[in-house]
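Visitor: Dropping the sequence and predicted coords here.
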Number of protein chains: 2
Amino acid sequence: MPRKLYTLCGTDKARPFSPHVWKTKLSLAHKGLAFDIAPVGFTEIPKLEEGATKIVPLLRDGEKLVKDSFEIALYLEQAYPERATLFGGEGGKAMARFVEGWSQMTLHPVIGRIAIMDIHDSLDPVDQAYFRRSREERFGQSLEEIAEAGRSDIKAFSTKLEPLRHMLKAQPFLGGDRPLFADYIVFGALQWARIISPHRLLAAGDVVFDWFERCLDLHDGLGRSVTAA
Amino acid sequence: MPRKLYTLCGTDKARPFSPHVWKTKLSLAHKGLAFDIAPVGFTEIPKLEEGATKIVPLLRDGEKLVKDSFEIALYLEQAYPERATLFGGEGGKAMARFVEGWSQMTLHPVIGRIAIMDIHDSLDPVDQAYFRRSREERFGQSLEEIAEAGRSDIKAFSTKLEPLRHMLKAQPFLGGDRPLFADYIVFGALQWARIISPHRLLAAGDVVFDWFERCLDLHDGLGRSVTAA
């Protein structure tokens, strides 16, 4: 059975934007594992693999089915231990959970607000309806109101990256001399913004911009294979 | 030559509050290494060990002299590899730099504002003058204005801890099942607040409160050996 990654897509299947799927694509490339892509819209996700998941990425690896980008990274590390490590040991595995927490609790809500109309507009009509309903319920505001709030986030976004700037004084990647899954976690968030939103959240001259460029170059420029919005 | 840790103190030498020194105390205890304490005021630091440092902690370990809590942790890991690890491997070592970045760029400025008058008031007169001059220069405001700004930080402080809450859903410590130096990095910041400021920044019922209590219990309750302000 081939290796297959279920990914999120909008109308244009050539512009995958899900931050979590990007984490997994880079994880698979990091391990040097080939995979087929199966892009699906939001409303198709619950129908995949006999209702195996409500979220993507979902990875089928032979008999094995694994969902959630962090769970997939843990699975790949355990299933392919002879290949390049994604965590750099037990301490790295534990601390990657904190990096995930920081990325998801600090960067994701802001990027989500900034890009919410862009995401909506990129979807098929059936997914647009689902997206509007679910996000308006989650935020307690209309998409348009969320986007309005997002406009004031754009300026402040750069200050959220201070922890990365501090880290980059000591080393070129979150993983140290080389990237680890922790880099892909943060990359995923910024790649999501890069692909879906015309707002440029990183500026040349910023060490975080340089780090992001290094990440775009990884694995034969996998991240760069989709152009910026 | 005995092992000696130079630490910061105010008028009451029994109430050490420096976040960075707490990181090192717990690091030494983690490695099971005995040490003598040499408490000094801000203005005495440049005179230590023939001008070896502008900051504490400063560790003398036999012939070796090491400053900066992260550098000391790296040194201890390398010098005492047979004892409990402080990093859990190379990935943990790299990601601890990010945890340091998060703690210092996110928590420290806020705690610094909230507690600035408490810190000032705890110092000897000569150190009070130095502290006022250097902090007013750094912030471009009087201590009293900084403290005023700090009052509005108290309510918002809890939201800064969201990355920790996310991580604590998966594991009891930043280090995973057991604490690592990354835990001591964040502990140091909150222990600083606990000892110097009467404002309680953590509330019972919060998973971060529970984690902090676990940290206070570590190494025979080393953190608890100084009471809360």
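Guide: That came through fine. Nothing here was measured: the structure is a model prediction, and the numbers come from that model. Residues are numbered from 1 along each chain as shown, chains lettered A, B, ... in the order given.

Visitor: give the contact list for the closest residue to A:C215 other than its chain neighbours.
Guide: Leaving aside its sequence neighbours, A:C215 sits nearest to A:F187 (Cβ to Cβ, 6 or more residues apart in numbering or on different chains; 4.4 Å). C-betas here are computed from N, CA, C, even on glycine. Neighbouring residues of A:F187 by Cβ atoms under 8 Å, 6 or more residues apart in numbering or on different chains: A:22-23, A:26, A:212, A:215, A:223.

Visitor: Between all of those residues, which two are separated the most?
Guide: A:K23 and A:F212 (14.3 Å; Cβ to Cβ).

Visitor: which bits of chain A sit near chain B?
Guide: Selection of chain A residues close to chain B by Cβ under 8 Å from any Cβ of the partner chain yields A:85, A:87-102, A:104-106, A:162-167, A:170-171, A:173-177, A:180, A:182.

Visitor: out of these, which are buried?
Guide: A:85, A:87-102, A:104-106, A:162-167, A:171, A:173-176, A:180, A:182 (16 or more other Cβ atoms under 10 Å in any protein chain shown).

Visitor: A:T7: what secondary structure?
Guide: strand (DSSP: H, G, I helix; E, B strand; the rest coil).

Visitor: what's the distance between it and A:G150?
Guide: 25 Å (Cβ to Cβ, to the nearest Å).

Visitor: ok, now which ones touch the spatially closest residue to A:D177 that is not a sequence neighbour?
Guide: Spatial nearest neighbour of A:D177, chain neighbours left out: A:Q171 (6.6 Å); criterion: Cβ to Cβ, 6+ apart. Shown in contact with A:Q171 (Cβ under 8 Å, 6+ apart): A:177, B:94, B:97.

Visitor: So which residues of chain A form helices?
Guide: Under the criterion DSSP state H, chain A carries helices at the ranges A:19-30, A:69-79, A:90-102, A:108-114, A:116-122, A:125-139, A:143-156, A:162-168, A:181-196, A:207-221.

Visitor: Turn the ones you listed into CSV, including mean pLDDT.
Guide: Putting the helices of chain A into CSV (pLDDT from 0 to 100) gives the following:
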stretch, mean pLDDT
helix A:19-30, 98
helix A:69-79, 98
helix A:90-102, 98
helix A:108-114, 95
helix A:116-122, 95
helix A:125-139, 94
helix A:143-156, 91
helix A:162-168, 98
helix A:181-196, 98
helix A:207-221, 98
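
Visitor: Those into TSV, with extra columns for distance to B:V40?
Guide: Formatted as TSV, those follow (distance: least, Cβ to Cβ, whole Å):
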stretch	distance to B:V40
helix A:19-30	47
helix A:69-79	44
helix A:90-102	32
helix A:108-114	42
helix A:116-122	53
helix A:125-139	52
helix A:143-156	39
helix A:162-168	26
helix A:181-196	37
helix A:207-221	34
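
Visitor: out of those helices, nearest to B:T53?
Guide: Of all those, helix A:162-168 sits nearest to B:T53, with 20.2 Å by Cβ to Cβ.

Visitor: quick one: A:F212 and A:A189 touch, right?
Guide: No. At 10.4 Å, A:F212 does not count as touching A:A189 under the criterion of Cβ atoms under 8 Å.

Visitor: Could you report the neighbour count for A:K54?
Guide: Per other Cβ atoms under 10 Å in any protein chain shown, the neighbour tally for A:K54 reads 10.

Visitor: Kindly apply the preceding question to A:S152 instead.
Guide: A:S152 has 10 nearby residues by other Cβ under 10 Å.

Visitor: Of all the helices of chain A, which one is nearest B:G32?
Guide: helix A:90-102 (18.4 Å).

Visitor: same for the closest one, what does it pack against?
Guide: helix A:69-79, helix A:181-196, helix B:90-102, helix B:162-168, helix B:181-196 (3 or more Cβ pairs under 8 Å, 6 or more residues apart in numbering or on different chains; DSSP states H and E).

Visitor: What separation do you get for A:R214 and chain B?
Guide: 15 Å (Cβ to the nearest Cβ, to the nearest Å).

Visitor: for A:R135, same thing?
Guide: 19 Å.

Visitor: For that residue, list the residues it contacts.
Guide: A:116, A:143, A:146.

Visitor: Can you report how many residues lie near the second one?
Guide: Taking other Cβ under 10 Å as the neighbour definition, A:L143 ends up with a count of 18.

Visitor: That one and A:S134 touch, don't they?
Guide: No. A:L143 is beyond contact range of A:S134, at 10.7 Å (criterion: Cβ under 8 Å).

Visitor: Wait, A:K31 touches A:Y80, no?
Guide: Yes. With contact defined as Cβ under 8 Å, A:K31 reaches A:Y80; the gap is 5.2 Å.

Visitor: and the gap between A:D124 and chain B?
Guide: 31 Å.

Visitor: Hmm, that residue is touching A:G41, no?
Guide: Yes. Applying Cβ under 8 Å as the test, A:D124 and A:G41 come out as touching, 5.4 Å apart.

Visitor: Quickly list what's touching both of the two.
Guide: With Cβ under 8 Å, 6+ apart as the test, A:D124 and A:G41 both reach A:G10.

Visitor: Please say which of those two ends up with more neighbours.
Guide: It is A:G41, of A:D124 and A:G41, that has more neighbours when counted by other Cβ under 10 Å, with 19 against 16.

Visitor: which residue sits closest to the more buried one in space, ignoring its chain neighbours?
Guide: Using Cβ to Cβ, 6+ apart, the closest residue to A:G41 is A:D127 (4.4 Å).

Visitor: How about A:K54?
Guide: A:P46 (6.0 Å).

Visitor: For that neighbour, grab the count of nearby residues.
Guide: Neighbour number of A:P46 under other Cβ under 10 Å is 12.

Visitor: Also A:D61?
Guide: Count around A:D61 with other Cβ under 10 Å applied: 20.

Visitor: Just the pLDDT at it, thanks.
Guide: Looking at A:D61, its pLDDT reads 97.

Visitor: That one reaches A:A79, doesn't it?
Guide: Yes. With contact defined as Cβ under 8 Å, A:D61 reaches A:A79; the gap is 7.1 Å.

Visitor: And the residue nearest to A:L168 when sequence neighbours are not counted, how close does it get to chain B?
Guide: Leaving aside its chain neighbours, A:L168 sits nearest to A:V207 (4.5 Å; criterion: Cβ to Cβ, 6+ apart). According to Cβ to the nearest Cβ, A:V207 and chain B sit 11 Å apart.

Visitor: and what of A:A228?
Guide: A:A228 is 25 Å from chain B, by Cβ to the nearest Cβ.
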